[in-house]
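Asker: Give me a 3D structure for the following:
(one chain, ligands or ions: 1)
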Amino acid sequence: MNEAIETIRNIGVIAHIDAGKTTTTENMLFFSGLTHRVGNIDDGNTVMDYLDEERERGITIIAAAAGFKWREALIHLIDTPGHIDFTAEVERSMRVIDGAVVVFSAVEGVEAQSEKVWRQAEHYGVPKIAFINKLDRLGGSFDRVFDEINDTFGDCAVAFQMPVGVESDFSGLIDLVTFELVQFSGDNHDVVERSPVPASLREEAESWRERLIETLANHDDDLAMLYLEGGDIPLKDVKAAARKLTIARHIVPVFTGSAKNRLGVQPLMDAVVDYLPSPAECPLIKATRVKDGADVVISPDPAEPFTGLIFKVAASTTADLLFMRTYSGVLKTGMKLVNSRTKATVNIKQILRLFAKSHETIESAGPGDIVGLIGLRDCGTGDSLCEHNRSVFLEAMSFPEPVISMALEARATKDKDKLADALKLLCREDPTLSLSRDEDTGQSLFAGMGELHLEINLKRLEKEFNVPVRVGEPRVAYRETFKSSDTISARFDRMVGENELTAGATIRFSALPRGDELFTVTSSVPSMAHVSKTILTAAETALAGALKTGGNHGYPLIYVAAEITDIQITPDKSTEGAVVGAVLMAVDQAISRLGTRVLEPVMHLEIMSPAESVGEISSYLQPRRAVIHQMTEQAGVTKISCEVPLAEMFGFGKSLPKLSGGRASFSMEPRGFQELPAALASKQFGLL
Ligand code: GDP
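Answerer: Below is the predicted model of the structure:
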């Protein structure tokens with residue numbers, strides 16, 4: 001039996017670091033009761049191996065996607081990485097979730113990363129509910145943070161609860177929808193008690209409730225009618241309007257509590273079921289058909305051909321565990337699917353339902369579900385698995401370029417192989433990590449999207465894989481681009497044994513403006529007929545490879561368009577190897593004739609700071625070549641948006657708390673590459 005689609009909720013909990021995402025999540029799992037269920041039925045051996053290894057490495061499935069039951073629903077909590085270095089991963093998780101719980105701290109309020117992830121959720125059309133957490137803390141305020149949310153995100157927040165007491169007196173909530181006092185008793189606050197609103201809180205609660213009903217009525221005609229008629233509006237109508245408006249993203253219901261003290265968690269879980277959409281209520285997904293690049297609409301219909309997206313890999317030395325979201329059709333054990341990227345057939349041997357600390361084998365899964373698959377070869381994050389009759393890409397297959405690298409080696413020579421295996425495994429899990437070799441020193445170069453991104457992965461090497469490593473200073477991952485544009489013709493002529501090999505290639509190289517496109521390789525050979533498809537593909541692959549290998553300084557070339565305009569073939573003498581040889585010679589000539597300049601990675605940095613620290617922060621940024629685009633102030637908090645070269649930002653995470661007395665927060669993400677200023681280029685590379 002497939003899970004009924006209406007009962008599924010795929011959600012992400014998103015927040016600024018330290019707002020309480022982990023505590024909230026763990027308590028949801030606690031209350032769902034499933035964290036206490038141990039062991040399971042029907043384990044295949046691969047599964048056991050995988051889990052044993054996972055236990056050894058001290059990680060849990062919960063980190064990626066944990067399922068649990070709450071009321072009538074099956075909720076999947078999808079991990080959304082907290083730090084902005086993981087942009088590609090954040091974006092992927094945004095596609096996979098259908099709704100989000102945004103956690104704010106009642107003390108710190110709206111912080112840089114909470115704003116960032118909120119906007120990302122908006123960009124992907126993800127409906128949200130908000131949870132103002134830490135109401136028990138000194139300085140916590142529901143009203144202030146509620147207003148801040150409205151100020152920052154355009155008056156969308158609607159209070160669905162009101163706290164009773166604050167700081168150490170915080171003891172419960174008023175449910176503004178049912179108009180009841182909600183309290184928590186029992187050792188673990190696992191008993192939820194509902195009673196009439198006490199007289200002392202009535203006035204305040206009524207005013208909040210009035211605001212709630214008014215907002216709903218403003219957006220919903222049916223409710224407006226009932227509101228205008230006067231009298232009590234039935235609970236079911238209030239809930240139905242709230243659900244509709246949340247899913248349509250007209251409102252964001254706001255809840256509150258203290259996750260740490262287990263106050264307010266169960267009502268938040270109820271809200272996930274009541275107000276966030278099931279996969280059946282989400283906008284239809286657009287995919288790209290492999291055979292002709294046409295748009296295809298994928299609907300969550302069991303009768304459609306199967307389509308699923310692998311959104312996460314938990315790599316292991318025994319068998320990788322892949323997390324897949326199903327979008328259409330029904331996945332069944334024994335099915336043969338196609339991986340639209342590799343075109344390889346993929347056999348579905350076992351389908352797992354993943355709970356927080358256990359799993360069970362299931363026979364099939366319908367649309368909108370999240371399942372685990374073990375031991376599929378050559379499948380990775382971002383791959384779409386489809387039925388053969390409809391092969392599509394659910395996601396564009398490009399990952400951002402790494403911007404920072406570190407040299408590393410195992411402390412003990414005996415760990416050398418172990419390190420190599422562990423690094424490969426980490427790269428399998430996260431396509432924005434990459435591994436190369438420093439030709440000069442023979443060390444491994446581990447590259448990623450930011451300082452923290454690498455640091456977190458280095459910690460994993462030591463903690464999970466038990467490989468102590470020695471690491472070099474973080475280094476900026478430079479790139480190069482051509483100084484000008486030109487068309488180059490090169491000829492390959494060589495005697496190989498008795499045979500004369502010859503071929504020519506004409507390629508137009510031009511610079512692309514800084515943007516998303518890193519490089520394009522195309523062919524427009526005039527009379528294609530004389531060049532076979534195999535040779536043309538080999539020529540294009542060689543061309544792309546040569547550009548990546550590097551320019552005059554050994555850094556990969558980007559922002560380059562390379563168009564093969566002609567290939568000169570001599571019958572019997574122009575083998576594939578000869579054509580590739582000519583292409584490589586053309587690239588070499590282009591590099592020396594056109595010249596290259598060095599590019600450095602630029603970061604987009606957003607800082608949210610109390611007004612009094614703005615001066616200090618600006619003086620820190622100015623000598624670091626930052627270009628400040630915007631400074632806006634809202635409720636005493638200044639938001640600074642700027643672009644700054646990554647090379648200048650090492651250690652910023654440690655400096656900012658000192659500059660702001662710990663009160664500023666920031667988010668930083670790569671924004672392409674820019675030319676290294678002449679003075680620096682000459683200092684670092686001896687360039688004129
Ligand atoms: P995350 O980084 O968003 O996952 O945040 P965590 O859940 O790890 O919480 C960060 C810190 O805040 C931890 O020390 C938690 O114990 C604490 N914390 C989380 N929720 C609450 C809360 O409701 N009240 C208080 N006082 N502390 C909390």
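Asker: going forward, measure contacts between C-alpha atoms and count neighbours the same way
Answerer: OK.
Asker: Following the helix ranked longest in the chain in sequence, what is the next regular element?
Answerer: For the chain, the longest helix by residue count, based on DSSP state H, is helix 199-219. Using DSSP states H and E, the next helix or strand after helix 199-219 towards the C-terminus is helix 221-229.
Asker: now whichever helix or strand comes after that next one and helix 221-229, what's the angle there?
Answerer: Counting by DSSP H and E, the next helix or strand C-terminal to helix 221-229 is helix 235-247. Relative orientation of helix 235-247 and helix 221-229, computed by axes from the mean of the first three to the mean of the last three Cα atoms, to 10 degrees: 130 degrees.
Asker: Would you mind pulling the contact partners of helix 235-247?
Answerer: 127-129, 177-178, 213, 216, 219-220, 223, 251-253, 274-277, 281 (Cα atoms under 8 Å, 6 or more residues apart in numbering).
Asker: And the residues you listed, which of them are buried?
Answerer: Among the contacts of helix 235-247, those classed as buried by 16 or more other Cα atoms under 10 Å are 127-129, 177-178, 213, 216, 219, 223, 251-253, 275-277.
Asker: Those residues: which two are farthest apart?
Answerer: Pro127 and Thr178 (22.3 Å; Cα to Cα).
Asker: Which positions in the protein make contact with the ligand?
Answerer: 15, 17-23, 133-134, 136-137, 258-260 (Cα under 6 Å from any ligand atom).
Asker: about what we covered before: taking the contacts of helix 235-247 one by one, which sit in helices?
Answerer: Ile213, Leu216, His219, Leu223, Asp274, Tyr275.
Asker: any idea how far the closest residue to the fifth one other than its chain neighbours lies from Val254?
Answerer: If the residues on either side of it in the chain are set aside, Asp274 comes closest to Arg243, at 6.7 Å by Cα to Cα, 6 or more residues apart in numbering. Distance from Arg243 to Val254, counting by Cα to Cα, to the nearest Å: 13 Å.
Asker: quick one: which of those two has more around it?
Answerer: Using other Cα atoms under 10 Å, the more surrounded residue of Arg243 and Val254 is Val254, with 25 against 20.
Asker: residues contacting Gly551?
Answerer: For Gly551, the contact set (Cα under 8 Å, 6+ apart) comprises Glu480, Thr481, Leu557, Ile591, Thr596.
Asker: hang on, the last one packs against Thr481?
Answerer: What that stands for is Thr596. Yes: contact between Thr596 and Thr481 holds when scored by Cα atoms under 8 Å: they sit 5.3 Å apart.
Asker: Show me what the longest helix of the chain packs onto, helices and strands only.
Answerer: strand 157-159, helix 221-229, helix 235-247 (3 or more Cα pairs under 8 Å, 6 or more residues apart in numbering; DSSP states H and E).
Asker: Tell me which of these sits most buried.
Answerer: Most buried of the helices and strands packed on helix 199-219, by mean neighbour count (mean count of other Cα atoms under 10 Å): strand 157-159, with a mean of 23.
Asker: As a quick check, tell me the outermost residue of this structure.
Answerer: In the chain, Glu498 marks the outermost C-alpha relative to the chain mean, sitting 55.5 Å out by Cα atoms, centre = their mean.
Asker: just to revisit the earlier point, and the residue nearest to Asp274, how close does it get to Ile129?
Answerer: With Cα to Cα as the criterion, Arg243 and Ile129 are 11 Å apart.
Asker: Look at Glu648 and say how many residues are nearby.
Answerer: When neighbours are defined as other Cα under 10 Å, Glu648 has 16 of them.
Asker: For it, give me the pLDDT.
Answerer: For Glu648, the pLDDT comes out at 93.
Asker: these two touch, right, it and Pro623?
Answerer: No: assessed by Cα under 8 Å, Glu648 is found out of contact with Pro623, at 9.1 Å.
Asker: Tell me which residues touch the residue in the stretch 101-250 of the chain positioned nearest to the ligand, please.
Answerer: With Cα to the nearest ligand atom as the measure, Lys134 is the residue of the stretch 101-250 of the chain nearest to the ligand, at 3.4 Å. The neighbourhood of Lys134, defined by Cα under 8 Å, 6+ apart, consists of Ala19, Gly20, Ser105, Ala106, Val107, Gly140, Gly257, Ser258, Ala259, Lys260.
Asker: How about it: what's its closest non-neighbour residue?
Answerer: Ser258 (4.6 Å).
Asker: Assess the claim that that neighbour and Leu268 are in contact.
Answerer: No: with contact taken as Cα under 8 Å, Ser258 and Leu268 are classed as non-touching, separated by 11.1 Å.
Asker: The two: which has the busier surroundings?
Answerer: Taking neighbours as other Cα under 10 Å, Ser258 and Leu268 compare with Ser258 leading, 25 against 21.
Asker: still on that earlier bit, Thr596 and Thr481: which is more packed in?
Answerer: Thr481 (28 against 20).
Asker: who's the more buried one bridged to?
Answerer: Arg597 (DSSP bridges).
Asker: doesn't Ala561 make contact with it?
Answerer: No: counting by Cα under 8 Å, Thr481 stays clear of Ala561, with 10.3 Å between them.
Asker: coming back round to it: quick check: neighbours shared by Arg243 and Ile129?
Answerer: In contact with both Arg243 and Ile129: Leu276, using Cα under 8 Å, 6+ apart.
Asker: pLDDT, distance to Leu423 and secondary structure for the contacts of Lys134 - can I get that in JSON lines?
Answerer: Supplementary listing: the contacts of Lys134 in JSON lines, determined by pLDDT from 0 to 100; distance: Cα to Cα, whole Å; DSSP: H, G, I helix; E, B strand; the rest coil:
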{"residue": "Ala19", "pLDDT": "89", "distance to Leu423": "31", "secondary structure": "coil"}
{"residue": "Gly20", "pLDDT": "89", "distance to Leu423": "30", "secondary structure": "coil"}
{"residue": "Ser105", "pLDDT": "96", "distance to Leu423": "36", "secondary structure": "strand"}
{"residue": "Ala106", "pLDDT": "96", "distance to Leu423": "39", "secondary structure": "coil"}
{"residue": "Val107", "pLDDT": "94", "distance to Leu423": "39", "secondary structure": "coil"}
{"residue": "Gly140", "pLDDT": "95", "distance to Leu423": "43", "secondary structure": "coil"}
{"residue": "Gly257", "pLDDT": "97", "distance to Leu423": "41", "secondary structure": "coil"}
{"residue": "Ser258", "pLDDT": "97", "distance to Leu423": "39", "secondary structure": "strand"}
{"residue": "Ala259", "pLDDT": "95", "distance to Leu423": "36", "secondary structure": "coil"}
{"residue": "Lys260", "pLDDT": "94", "distance to Leu423": "36", "secondary structure": "coil"}
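Asker: ranking those by neighbours, who comes first?
Answerer: Ranking the contacts of Lys134 using other Cα under 10 Å puts Gly257 first, with 31 neighbours.
Asker: Without its sequence neighbours, what residue ends up closest to that residue?
Answerer: That would be Gly264: by Cα to Cα, 6+ apart, it lies 4.6 Å from Gly257.
Asker: and that neighbour, what is it in contact with?
Answerer: Gly172, Leu173, Thr256, Gly257, Ser258.
Asker: Between which two of those residues is the distance greatest?
Answerer: Leu173 and Ser258 (10.7 Å).
Asker: Under the pLDDT cut-off, which ranges of the chain? List them.
Answerer: In the predicted model, the chain carries pLDDT under 70 at residues 1, 34-64, 81-89, 357, 396-399, 516-517, 526-529, 687-688.
Asker: hmm, back to that, what's the closest of the helices and strands packed on helix 199-219 to Ser574?
Answerer: helix 235-247 (61.1 Å).
Asker: Could you tell me the angle between the closest one and helix 199-219?
Answerer: Computed by the same axes, to 10 degrees, the angle between helix 235-247 and helix 199-219 is 60 degrees.
Asker: Just the CA trace of helix 235-247, in CSV.
Answerer: Only the C-alpha atoms of helix 235-247 are listed here, as CSV (Å, rounded to 0.1, in the frame of the first residue of the first chain):
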residue,chain,number,x,y,z
LEU,A,235,-13.7,26.5,13.6
LYS,A,236,-13.6,24.4,10.4
ASP,A,237,-14.1,27.5,8.3
VAL,A,238,-11.3,29.4,10.0
LYS,A,239,-8.9,26.5,9.6
ALA,A,240,-9.9,25.9,5.9
ALA,A,241,-9.3,29.6,5.1
ALA,A,242,-6.0,29.6,7.0
ARG,A,243,-4.8,26.5,5.2
LYS,A,244,-5.8,27.8,1.8
LEU,A,245,-4.1,31.2,2.4
THR,A,246,-0.9,29.6,3.8
ILE,A,247,-0.6,27.3,0.8
